[in-house]
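> Build me a model:
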Amino acid sequence: MILVTVGTQLPFDRMIRTIDAWAARRTRADVFAQIGPTDYRPQNIEFVPFLDADVCRKLIATCDAVVSHAGMGSILTALEMGKPIVVMPRRAELGEHRNDHQVATVRRLTVHGRIFAAMDEHQLVERLEHLDELTTAARTTAMARPQLLKTLATFVEHGCVEEDANEPMPASLMIDLPGAAPLAARAEMTVPDSMPLAPEPEPAVAIPGVLR
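Okay, here's the model as predicted:
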């Protein structure tokens, strides 16, 4: 199974439409997508708008490959479970996000050899055509997980990484989070009024044959 996820905050129809069209051309029946808050309804793949976090983890654990927007949660879960992941960043100029931090994330993780980047629709199709050839991503060690969670919690809450000289980040997790800076240097981020708020999540669904 190919698991596709776009997160919960904003639509990412450009990625979903590309995958939907590819699945039709290749008559693929093994694609399952979480498509987010969008009016677009794929015609050739199974989908749900939202997934509970635990359900998403179970799907990542059982899938063959992940295709995702550049959301750190999806990326790190795939890496932790040793799943190959193709990452396509949202672009601010197309109204897919408020800034281009996802582009920066993809570029930095690509340099570290952690992900397979697809910077546009053409590259995404090329990656999809060669999914079976992708090597398995390096598994993040269980010992690194507590520090990883701490780092992510700080990043999500403050938009930066708090430096701790007594507990440095393990080398395996040095992924150069975009915008990371000491807390003292943090600047407040404003969100344009035009950015839509995410709707209330719909109930998570059970997927026959995959979940218990």
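
> Next, count neighbours for residue 94.
By other Cβ atoms under 10 Å, 10 other residues sit near residue 94. No exception for glycine: its C-beta is placed from N, CA and C like everyone else's.

> Quick check: phi and psi at the residue lying closest to it once chain neighbours are set aside.
Leaving aside its sequence neighbours, residue 94 sits nearest to residue 14 (Cβ to Cβ, 6 or more residues apart in numbering; 6.8 Å). Main-chain torsions, residue 14, degrees, to the nearest 10: phi -60, psi -40.

> which ones are touching residue 14?
94, 96, 121 (Cβ atoms under 8 Å, 6 or more residues apart in numbering).

> count of neighbours near the second one?
Spelled out, it's residue 96. If we define neighbours as other Cβ under 10 Å, then residue 96 has 19 of them.

> and what of the last one?
Residue 121 has 16 neighbouring residues, counting by other Cβ under 10 Å.

> Kindly report the same for the one 5 residues further on.
Counted with other Cβ under 10 Å, residues neighbouring residue 126 total 13.

> all strands for this protein, in order.
Here the chain has its strands, by DSSP state E, at 2-5, 31-34, 46-48, 65-68, 85-87, 116-117.

> In CSV: those, plus mean pLDDT and mean neighbour count.
Formatted as CSV, those follow (pLDDT from 0 to 100; neighbours: other Cβ atoms under 10 Å):
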stretch, mean pLDDT, mean neighbour count
strand 2-5, 98, 25
strand 31-34, 98, 21
strand 46-48, 97, 16
strand 65-68, 96, 26
strand 85-87, 94, 25
strand 116-117, 93, 22
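
> Output those as JSON lines; include the columns distance to residue 127.
Below are these laid out as JSON lines (distance: least, Cβ to Cβ, whole Å):
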{"stretch": "strand 2-5", "distance to residue 127": "11"}
{"stretch": "strand 31-34", "distance to residue 127": "13"}
{"stretch": "strand 46-48", "distance to residue 127": "19"}
{"stretch": "strand 65-68", "distance to residue 127": "8"}
{"stretch": "strand 85-87", "distance to residue 127": "5"}
{"stretch": "strand 116-117", "distance to residue 127": "6"}
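
> now this structure, which segments are flagged as low pLDDT?
Scanning the chain with the threshold set as pLDDT under 70 gives 112, 135-212.

> 80 instead?
111-114, 134-212 (pLDDT under 80).

> Return the residues in contact with residue 36.
Here residue 36 is in contact with 6-12, 49-50 (criterion: Cβ under 8 Å, 6+ apart).

> Turn those residues into JSON lines, including distance to residue 30 and neighbour count.
Shown next, in JSON lines, are these (distance: Cβ to Cβ, whole Å; neighbours: other Cβ atoms under 10 Å):
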{"residue": "6", "distance to residue 30": "18", "neighbour count": "27"}
{"residue": "7", "distance to residue 30": "22", "neighbour count": "19"}
{"residue": "8", "distance to residue 30": "24", "neighbour count": "16"}
{"residue": "9", "distance to residue 30": "27", "neighbour count": "17"}
{"residue": "10", "distance to residue 30": "26", "neighbour count": "20"}
{"residue": "11", "distance to residue 30": "23", "neighbour count": "21"}
{"residue": "12", "distance to residue 30": "20", "neighbour count": "26"}
{"residue": "49", "distance to residue 30": "20", "neighbour count": "18"}
{"residue": "50", "distance to residue 30": "21", "neighbour count": "20"}
